[in-house]
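1. Provided below for reference: sequence and predicted model.
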Amino acid sequence: MHYDTIIIGAGLSGLAAGIRLAYFDQKVCVLEKHWTIGGLNSFYRLRGRDHDVGLHAITNFAKAGTKTGPLSKLLRQLRMSWDDFSLCEQNGSSVVFPGAKLRFDNDFSLLESEIAEHFPAQIDAFRRLHQFLLDFNELDLSQKAVSARETVSSYLSDPLLVDMLFCPLMFYGSARADDMDLNQFVIMYKSIFMEGFGRPFKGVRPIMKALVKKYRGLGGELKLRAGVEEIVVEDGRAVGVKLENGEELTADRVLSSAGLAETASLCGDGIPVPTEERLPGVVTFNEMIDVIDVQPADLGHEETIIFYCESEQFHYRKPNEPCDLQSGIICSPNNFRYDEQLPEGVMRITALANHDYWLSLPDDEYQAAKEEWTRKIRDAALRHLPDYREHILDTDAFTPRTIRRFTSHVNGCVYGAPVKRLDGTTGIDRLYLCGTDQGFLGIIGSMLSGITMANNHCLMS
């Protein structure tokens, strides 16, 4: 079978790219090795309850009818409606360090006023930094990587404030240890601090289903349980794929959301990209979900997300221990401004994880270790929460092993490789990247990555 474009991966990026191309009458096939869609942002049902895999919140929030911004652009490009996302605003979130707290919500003025109150000597410098970030063109795909820490620290002289600004942006988008590329810092700064958090009442499931419905309605083909064994390259050009079941598909071009290192492996490591530019990431997470028999607000917890750090200096790196208990994320999906409330309380807690430990554990030790560290992660987070343990109805958790199983990401890393390929090129003709290793971040960013790479490479060539 021959296609105009084959897309590897039925996550948000791959499906968005598929929709965009199908609008222009391309014959498109999206291949997914697993039995369900979603990739890093999938969903599952366990013991009678529906869970989101990766969704804490959707960044780049915008109210219905907004004409500018990433979400508005996304809806125009995919010709979808605001009702397909139906985002509800957060209550409000915070960054908490020893002796310091900064609150923020979807109104940037709150964060600015918090910095003015708690870091008065830094507020003028922060406003200059803010203007620089506003003027920065993070969508310039030709730019080179620049250290965000060096740039931000050239404006702000208080290392605590620098760490507090980086903490949520790193947790929600950095593949680099202890730093970010400047363009990715800008993307996350604008999407979290300026636009803010929202969430659909029913989580990511209706968004994924709306994407598949749109894609199939336009004639796009979706193959599940269709893992790619090899990207076929002839004379330096991608000409198709060979599936794990032996089936061969040809195409004018291939768009991969698998990640650069993973895509290189599918090409027999024949991608002509310097080794140091395609090293896999090492920053990843454990996450646990507690279902409780009360609403968090009934226990006095009304914040949507808390990013916390217990140490004087924030370290965002692979920990020496199985998990880093010194920092983390606490998210309650209940604490958004829904028209009605979720039927049960939910607490999601995330901690940095050592991928070597989790990936090398013998099978007979894995479950016990997961339960032990789930308990430790919860206990560490309870320093910032009411003690809800007596209300727990059910618990589930994932580790880097889970991430690797369902995404095939090397090292089980959520955000992929530290070095991004902003223009999506791979050095092989007609083989392009979208998604995690292209570099647009977050749920909205992932879809815009698919759309942008489709526009730039699959509609222009």
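-> Received it, and whenever you're ready, just let me know what you need.

2. by contact count, what packs against the helix or strand where residue 405 lies?
-> In this assignment (DSSP states H and E), residue 405 forms part of helix 400-407. In terms of contact count using 3 or more Cβ pairs under 8 Å, 6 or more residues apart in numbering; DSSP states H and E, helix 400-407 is assigned the packing partners strand 284-292, helix 355-360. From N, CA and C alone the C-beta is placed, and that goes for glycine too.

3. and the following helix or strand past that helix, what does it pack against?
-> Moving toward the C-terminus from helix 400-407, the next helix or strand (DSSP H and E) is strand 431-433. Counting contacts by 3+ Cβ pairs under 8 Å, 6+ apart, strand 431-433 packs against strand 248-256, helix 260-266.

4. buried residues of the lowest-mean-pLDDT helix or strand in the chain, list them for me.
-> Across the helices and strands of the chain, mean confidence by mean pLDDT, DSSP states H and E is lowest for strand 43-46: a mean of 72. By 16 or more other Cβ atoms under 10 Å, the buried positions in strand 43-46 come out as residue 43.

5. same check on stretch 248-256?
-> Under the neighbour-count criterion of 16+ other Cβ under 10 Å, stretch 248-256 has 249, 251-256 buried.

6. can you list the neighbours in contact with it?
-> Applying Cβ atoms under 8 Å, 6 or more residues apart in numbering, the external contacts of stretch 248-256 come out as 1-9, 14, 17, 29, 231-232, 238-243, 262-263, 266, 426, 430-434, 450, 453-454, 457-458, 461.

7. tell me how far it lies from the chain's centre.
-> Averaging C-alpha positions (Cα atoms, centre = their mean, to the nearest Å) puts stretch 248-256 26 Å from its chain's average.

8. check the buried residues of stretch 248-256 and tell me the two furthest apart.
-> Spanning the widest gap among these are 252 and 256, at 14.6 Å by Cβ to Cβ.

9. surely residue 456 touches residue 424?
-> Yes. Under the criterion of Cβ atoms under 8 Å, residue 456 makes contact with residue 424 at 6.8 Å.

10. thinking again about what came up before, which of the contacts of stretch 248-256 are buried, as a ChimeraX select command?
-> Buried residues within the contacts of stretch 248-256, by 16+ other Cβ under 10 Å, are selected in ChimeraX with:
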select :3,4,5,6,7,8,9,14,17,29,231,232,238,239,240,241,243,262,263,266,426,430,431,432,433,434,450,453,454,457,458
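
11. which of the contacts of stretch 248-256 fall within helices?
-> Taking DSSP state H, the ones among the contacts of stretch 248-256 that sit in helices are 14, 17, 262-263, 266, 450, 453.

12. quick one: the strands in the stretch 51-200 of the chain, in order.
-> Ranges of strands within the stretch 51-200 of the chain are 87-89, 93-97, 100-104, 198-200, based on DSSP state E, counting those that start in this stretch.

13. now tabulate the ones you listed in CSV and tack on mean pLDDT.
-> As requested, those are exported to CSV (pLDDT from 0 to 100):
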stretch, mean pLDDT
strand 87-89, 95
strand 93-97, 98
strand 100-104, 98
strand 198-200, 95
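
14. what sits up against the helix holding residue 405?
-> When contacts are defined by Cβ under 8 Å, 6+ apart, helix 400-407 is touched by residues 34, 39-40, 42, 53, 284-286, 353, 355, 358-359, 361, 366, 409-414.

15. equivalent analysis for stretch 451-461, please.
-> Stretch 451-461 is contacted by residues 4-5, 16-17, 20-21, 24, 26, 74, 77-78, 141, 253, 255, 423-424, 430, 432-434, 438, 440 when judged by Cβ under 8 Å, 6+ apart.

16. mean confidence for that stretch?
-> Averaged across stretch 451-461, pLDDT comes to 91.

17. pull the CA atoms of it into CSV?
-> This file holds the C-alpha atoms of stretch 451-461, laid out as CSV (Å, rounded to 0.1, in the frame of the first residue of the first chain):
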residue,chain,number,x,y,z
ILE,A,451,0.6,20.8,12.4
THR,A,452,3.7,22.9,11.8
MET,A,453,5.8,20.0,10.6
ALA,A,454,3.0,18.8,8.4
ASN,A,455,2.7,22.4,6.9
ASN,A,456,6.4,22.9,6.5
HIS,A,457,7.4,19.5,5.2
CYS,A,458,4.5,17.4,4.0
LEU,A,459,2.4,20.1,2.2
MET,A,460,5.4,22.1,0.8
SER,A,461,7.3,19.2,-0.7
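
18. now do residue 249 against residue 11, distance only.
-> Applying Cβ to Cβ, to the nearest Å, the value for residue 249 to residue 11 is 19 Å.
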